[in-house]
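**Q** Dropping the sequence and predicted coords here.
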Amino acid sequence: MDALGSLLDAGGRALGVSTDLEVSGPPTLRSAYPVSALATASVGVAGAAVADLVAALGGSRPDVVVHRPLADAWFAGPTTGVDAALPSPWDPLSAPYRTADGWVRLHTNAPHHRAAALRALGASADPAAVAAAVRSRTADDVEAAVVAAGGAAASLRTAAAWARHPQGAAVAAEPLVAIEPGGTSTASSRWDARPDAPLAGLRVLDLTRVLAGPTATQLLAALGADVLRVDPPGWDEPATLPSVMWGKRTARLDARSPEGAATVRALLATADVLVHGYRGGALDHLGLGADERAAVRPGLVDVSLRAYGFTGPWAGRRGFDSLVQFSSGIADTGMETAGADHPVSLPVQALDVATGYLAGAAALAGLARRVRTGTGSSWRLSLARTAAELERARAQPPEAVAEGTVPVEHPHVRATAYGRLAVADPPLSVGGVALRTGDLGAPLGRDDAVWR
């Protein structure tokens, strides 16, 4: 079995869907890891889940085709600026830094994470000052200090060290996708599936941020769902929104206020799917723990995403793709393979996007289960568990990436609040199902917090 077959098999078994599909085109992403296989497999598993849902709804199971270069392109970013380049998603301080005994990476894209890191390091907001502040400290010391201050950081570990780490061991013991059955669906739904839009009328409450969760809900929006993303006042991520907000609506409210909490509860009461990517315990603090969610909306398909898994000492830790790559050994393996003198991460945010497609597939599998059994379900995925699957696939024969690969075209030009943007073709074909990009649902907060 090659890496692609290994990853397809793992995803299909985790979700209980057949991964009988066609793959066209060559891999284009060069890496120490089979990252192109991960892109193709996660997109393919999502397509298989669409086909399974179509069959559950009474149709014939359609053929699934994944175009590898387009899957790679969507992992790299499906959108480009026509009149000007899109802004970088990285804050100047989000970078690897050499420490007294190795390397540490900071994630400072969010203002409060940036402030926490600077506070923990006692440094000014200048890359040279941050580098000087960490140079005499150990990587683990910097990681612990920043995390304790409310920031996000990860020291560079080898894959072997991560396997021995309590959190690495805990994640390795978790399933790629954890599934728990829910109660009987008794709430009404406006879901009105069509052959070309199997999720037409379906309501998806999106409580996610960069990047895995928004990837999942964008897939559901492309299939016709009414996706409503809810963000708190002041939150923004303008550099990533052009890649993950097509076809969605977006509202702002403060869920910590009584009025905001009541609105979220009311939205959930008539939602079909909830996708949430907040840290562990965050919804509990809002009065919407797992039991409460199931009671508010019987038959809910509940999809939860985390960075470092759901068990172990780091289950509630803040994390992002770039940090999980440092923690899990991916960036260290990249450095060793390349013979480099600095950490080498994957060429794209593959853990985020792959986990996002798998989460979207989980929502679809949950809906198929609800059609067949009349019951809801809960699904749990994490970036760290996806990283473990990628590490396992690395043992398979490597991908042959051709030299001089021709870049994928972005033929669909749209006028948006960010200027004219060009969007690539979808990487997936599922019979007569249409994958719509729709309108760019940004900037955040432009819509009311109500269902259509």
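**A** Nice, thanks for sending it over. Numbering: from 1, shown residues only.

**Q** going forward, measure contacts between C-alpha atoms and count neighbours the same way
**A** Noted.

**Q** Chain neighbours aside, what residue packs nearest to Arg61?
**A** Setting aside the residues directly before and after it, Arg61 is nearest to Ala55 in space (CA to CA, 6 or more residues apart in numbering), at 4.9 Å.

**Q** what's around that neighbour, how many residues?
**A** The number of residues packed near Ala55 is 14, by other CA atoms under 10 Å.

**Q** and it, helix, strand or coil?
**A** helix (DSSP: H, G, I helix; E, B strand; the rest coil).

**Q** and the gap between it and Gly102?
**A** 52 Å (CA to CA, to the nearest Å).

**Q** Repeat that for Ala350.
**A** Taken as CA to CA, the span from Ala350 to Gly102 is 24 Å.

**Q** Who has more neighbours out of the two?
**A** Taking other CA under 10 Å, Ala350 and Gly102 do not tie; Ala350 has more neighbours (26 against 17).

**Q** quick one: the residue nearest the centre of the chain and Ala262, what's the gap?
**A** With distances taken as CA atoms, centre = their mean, the residue of the chain nearest its centroid is Ala212 (1.1 Å). Distance from Ala212 to Ala262, counting by CA to CA: 26 Å.

**Q** try Ser24
**A** Counting by CA to CA - Ser24 and Ala262 are separated by 48 Å.

**Q** quick one, which of the two is more surrounded?
**A** Between Ser24 and Ala262, Ala262 has the larger neighbour count (other CA under 10 Å), namely 15 against 12.

**Q** For the one helix or strand that one maps to, name the packing helices and strands.
**A** Per DSSP states H and E: Ala262 is located in helix 258-269. In terms of contacts (3 or more CA pairs under 8 Å, 6 or more residues apart in numbering; DSSP states H and E), helix 258-269 is packed against helix 290-296.

**Q** where does the stretch 51-200 of the chain have low pLDDT?
**A** Across the stretch 51-200 of the chain, nothing is flagged by pLDDT under 70.

**Q** SS state for Thr19?
**A** coil.

**Q** what's the answer for Thr217, then?
**A** Criterion first, three-state DSSP; result for Thr217: helix.

**Q** Run a quick neighbour tally on it.
**A** The number of residues packed around Thr217, counting by other CA under 10 Å, is 35.

**Q** same check, this time on Glu292
**A** 14.

**Q** what's the most far-flung residue of the chain relative to its centre sitting at in phi/psi?
**A** In terms of distance from the mean C-alpha position of the chain, Ser136 ranks first, at 34.7 Å (CA atoms, centre = their mean). Backbone geometry at Ser136, expressed as degrees, to the nearest 10, gives phi -100, psi 0.

**Q** ok, now which ones touch it?
**A** Thr99, Ala100 (CA atoms under 8 Å, 6 or more residues apart in numbering).

**Q** if I look at it, how far off is Val130?
**A** Ser136 sits 11 Å away from Val130, going by CA to CA.

**Q** Next, the buried residues of stretch 311-324.
**A** Residues Trp314, Ala315, Gly316, Arg317, Arg318, Gly319, Phe320, Asp321, Ser322, Leu323, Val324 are the ones in stretch 311-324 that count as buried (16 or more other CA atoms under 10 Å).

**Q** now swap in stretch 51-60 and tell me
**A** Quick answer for stretch 51-60 (16+ other CA under 10 Å): Ala51, Asp52, Leu53, Val54, Ala56, Leu57.

**Q** And for stretch 234-241?
**A** Buried residues in stretch 234-241, counted by 16+ other CA under 10 Å: Asp236, Pro238, Thr240, Leu241.

**Q** Quick one: end-to-end length of that stretch, please.
**A** 15 Å.

**Q** What's the first helix or strand after the longest helix along the chain?
**A** Secondary structure of the chain per DSSP state H: the longest helix is helix 350-373. Downstream of helix 350-373, the first helix or strand assigned by DSSP H and E is strand 375-382.

**Q** List the buried residues in the helix holding Ala262.
**A** By neighbour count on 16+ other CA under 10 Å, the buried set for helix 258-269 is Gly260, Ala261, Thr263, Val264, Arg265, Leu267, Leu268, Ala269.

**Q** What's the per-residue pLDDT of the third one here?
**A** Pointing back at Thr263 there. Note on Thr263: pLDDT of 97.

**Q** Show the contacting residues for it.
**A** Applying CA under 8 Å, 6+ apart, we find Thr263 in contact with Ala255, Ala449.

**Q** My guess is the residue nearest to Arg61 contacts Ala48. True?
**A** No: under the criterion of CA atoms under 8 Å, Ala55 makes no contact with Ala48, lying 10.6 Å away.

**Q** The stretch 1-150 of the chain: helices as residue ranges?
**A** Listed in chain order, the helices of the stretch 1-150 of the chain (DSSP state H, counting those that start in this stretch) span 3-15, 35-56, 68-76, 111-121, 127-135, 139-148.

**Q** most packed of the ones you listed?
**A** Greatest average neighbour count among those goes to helix 35-56 (a mean of 28), per mean count of other CA atoms under 10 Å.

**Q** what is the orientation angle of that one with helix 68-76?
**A** Calculated by axes from the mean of the first three to the mean of the last three CA atoms, to 10 degrees, helix 35-56 forms an angle of 100 degrees with helix 68-76.

**Q** Please compute how far helix 35-56 lies from its chain's middle.
**A** Chain-centre distance of helix 35-56: 15 Å, with CA atoms, centre = their mean, to the nearest Å.

**Q** That helix packs against which elements?
**A** For helix 35-56, the elements it packs on are helix 3-15, strand 64-67, helix 68-76, helix 350-373, strand 428-430, judged by 3+ CA pairs under 8 Å, 6+ apart.

**Q** picking that back up, where's the dip in pLDDT among the buried residues of stretch 234-241?
**A** Pro238 (90).

**Q** May I have the secondary structure class of that one?
**A** Under three-state DSSP, Pro238 comes out as coil.

**Q** And it, how far from Leu274?
**A** From Pro238 to Leu274 the distance is 23 Å (CA to CA).

**Q** measure Leu364 to Ala442 for me?
**A** Distance check for Leu364 against Ala442: by CA to CA, it reads 25 Å.

**Q** These two: which is more packed in?
**A** Using other CA under 10 Å, the more surrounded residue of Leu364 and Ala442 is Leu364, with 28 against 22.

**Q** Need the per-residue pLDDT for that one.
**A** pLDDT at Leu364 comes out at 98.

**Q** Tell me how far the nearest residue to it once chain neighbours are set aside lies from Ser136.
**A** Leaving out its chain neighbours, the residue that sits closest to Leu364 by CA to CA, 6+ apart is Ala49, at 5.8 Å. Distance, Ala49 to Ser136, by CA to CA: 50 Å.
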